[in-house]
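**Student:** Here's a sequence, model it:
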Amino acid sequence: MLELDELWSCVFRKSNQRWVWLAVCRRTRQVVAFFVGDRSERSCWELWQRVPAADKWCHTYSDFWHAYAKVLRSETHQPVAKGSGQTNHVERFKNTLRQRLAQFVRKTLSFSKSDQMHQVVLTLFLYTYNIQCIS
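**Tutor:** Numbers count the residues shown, from 1 in each chain. A predicted model of the protein is given here:
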């Protein structure tokens, strides 16, 4: 089962928002795919293209953001409320991300100076996080 969600971050200034789209495997707690973009249907589609083929047939849970309903297969996708418990793992991961990387704290003075560095810092963190989940 996959849990999908998105969180916002900023590059250079608070008005320059970037949305990090995440797909987390419920069983392993690993991030199986991510995409940095805006909060559009196209960004959701980009995330879904990065999900491994074997995981695309799993049940998926997300919030009620309209992009998920347009991109994900209706047979396996279920939109749920935040309090339902079906997206707990991805919500918990977002808290971990905010605790460990200053760029992702909601009220912060720490911003990435460029999109490239924003992507590099996030990618390195996700790779080390996934390796730690294995051991």
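
**Student:** tell me, what residue is most central in this protein?
**Tutor:** Centroid-nearest residue in the chain: Leu22, 1.8 Å away (criterion: Cα atoms, centre = their mean).

**Student:** Give me the phi and psi for the residue lying closest to Val51 once chain neighbours are set aside.
**Tutor:** Distances taken as Cβ to Cβ, 6 or more residues apart in numbering put Ala33 closest to Val51, at 4.5 Å, once the chain neighbours are dropped. All C-beta spots, glycine's among them, are computed from the backbone N, C-alpha and C. Dihedral angles of Ala33 (phi, psi; degrees, to the nearest 10) stand at phi -160, psi 150.

**Student:** residues contacting Ala33?
**Tutor:** Leu22, Ala23, Leu47, Trp48, Arg50, Val51, Pro52 (Cβ atoms under 8 Å, 6 or more residues apart in numbering).

**Student:** Helix, strand, or coil at the residue nearest to the centre of the chain?
**Tutor:** Following DSSP: H, G, I helix; E, B strand; the rest coil, Leu22 is assigned to strand.

**Student:** just the one 5 residues further on next, same as before
**Tutor:** For Arg27, the reduced secondary structure class is coil; criterion used: three-state DSSP.

**Student:** Now it. Nearest residue, chain neighbours left out?
**Tutor:** Nearest non-adjacent residue to Arg27, counting by Cβ to Cβ, 6+ apart: Met1, 7.1 Å away.

**Student:** likewise His59?
**Tutor:** In this structure, His59 finds its nearest non-sequential neighbour in Met1, 4.8 Å apart by Cβ to Cβ, 6+ apart.
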